[in-house]
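[1] Okay, sequence plus prediction incoming.
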Amino acid sequence: MERKENGWLMRQDLFDFSTGEKRGVAAPKRRAPLHVVNDLHVVEHVFEGGRLAFRDNVKAKDCAIILWWRQGAPTEPIAGEFSFRLQADEEAGELSPRAARDAWTALSVIASNIYADPAGKTKTALVYD
């Protein structure tokens, strides 16, 4: 179900998984113009296909490394991100504690790499700061 509010399209069919309550989410109009923020023009490269497997037969899906370069300056990325999704156990609706610890360990190992900066800015902060 959708409705407009102050020029924004509101979706009412989404809900908060932690409480089970429905909540509205604002989205821009379908044909809303896009604008460059802070004169930052980026090129994004997404490298997919990595795999991670954890205990209890849990596998990471959609592993990806995302790199941002300033448009016209492709020699050094200005931001990088590693992401993956874990599928929760369908019956229990959650990850096993061991699989959750394994995922945290994997992220900790990746963050300790000399090329990683866990305290670095997110892509969103890079754009708006």
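    Here it is on my side, so go on.

[2] Report the separation between the residue nearest to residue 116 when sequence neighbours are not counted and residue 49.
    The shortest distance from residue 116 to any non-neighbouring residue, by C-beta to C-beta, 6 or more residues apart in numbering, is to residue 110 (6.2 Å). All C-beta spots, glycine's among them, are computed from the backbone N, C-alpha and C. For residue 110, the distance to residue 49 (C-beta to C-beta, to the nearest Å) stands at 16 Å.

[3] between those two, who's got more neighbours?
    Each of residue 110 and residue 49 has its neighbours counted (other C-beta atoms under 10 Å); residue 110 has more, 15 against 8.

[4] Is the more buried one in a helix, a strand, or coil?
    helix (DSSP: H, G, I helix; E, B strand; the rest coil).

[5] Quick check: pLDDT value at it.
    On the pLDDT scale, residue 110 is placed at 87.

[6] is it true that it touches residue 82?
    Yes: between residue 110 and residue 82 a contact is recorded at 5.7 Å, counting by C-beta atoms under 8 Å.

[7] Mind picking out the helix or strand in this structure with the poorest mean pLDDT?
    For the chain, using mean pLDDT, DSSP states H and E, the weakest element among its helices and strands is strand 8-15, scoring a mean of 50.

[8] Quick check: residue 104 vs residue 77, distance?
    25 Å.

[9] The two: which is more packed in?
    Neighbour tally, residue 104 and residue 77, criterion other C-beta under 10 Å: the higher count belongs to residue 77, 17 against 10.

[10] Wait, that one touches residue 69, no?
    Yes: contact status for residue 77 versus residue 69: in contact at 5.4 Å, counting by C-beta under 8 Å.

[11] so where do the strands sit in this structure?
    2-5, 8-15, 22-27, 42-54, 58-70, 79-86 (DSSP state E).

[12] can you tell me which residues contact residue 99?
    54, 55, 56, 58, 86 (C-beta atoms under 8 Å, 6 or more residues apart in numbering).
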